[in-house]
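Please find the sequence and the predicted model below.
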Amino acid sequence: MSDCKELIGNLSDFIDGELDLNMCQELKKHLEGCRNCRLVADSLTKTVKLCRDGVTEDLPESLKESLNQKLQARWKAKFDKN
Ligand SMILES: [Zn+2]
């Protein structure tokens, strides 16, 4: 998996620990070489951790959804302008 868009799409699963080991390795490898994805992953991880310090264990679907949309928008802004 080397496609950034695909990676962003898998990030929430990665953070939820729902990706299998191979996917995790691919993801980590990509993050090491891709600063933009690393920044996105970083902020997503922090956000999820913040949420998990609260009462609920799982992110509400609506929050997940809007997070993904924000991240994808940010990603687009960085990569789509040439
Ligand atoms: Zn990337």
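It's in.

Name the helix or strand for the residue nearest to the spatial centre of the chain, please.
In the chain, the centroid-proximal residue (CA atoms, centre = their mean) is L11; its distance is 3.1 Å. Here L11 is covered by helix 4-16, with elements defined by DSSP states H and E.

Tell me if that helix is near the ion.
Yes. In terms of CB under 5 Å from the ion, part of helix 4-16 sits within range of the ion, namely C4. For the C-beta atoms, the positions are set from N, CA and C on the backbone; glycine is no exception.

which helices and strands does that helix pack with?
helix 21-33, helix 35-52, helix 61-79 (3 or more CB pairs under 8 Å, 6 or more residues apart in numbering; DSSP states H and E).

My read is that W75 contacts L39, right?
No. Assessed by CB atoms under 8 Å, W75 is found out of contact with L39, at 9.6 Å.

More neighbours: the two, which one.
Between W75 and L39, counting by other CB atoms under 10 Å, W75 is the more crowded of the two (18 against 15).
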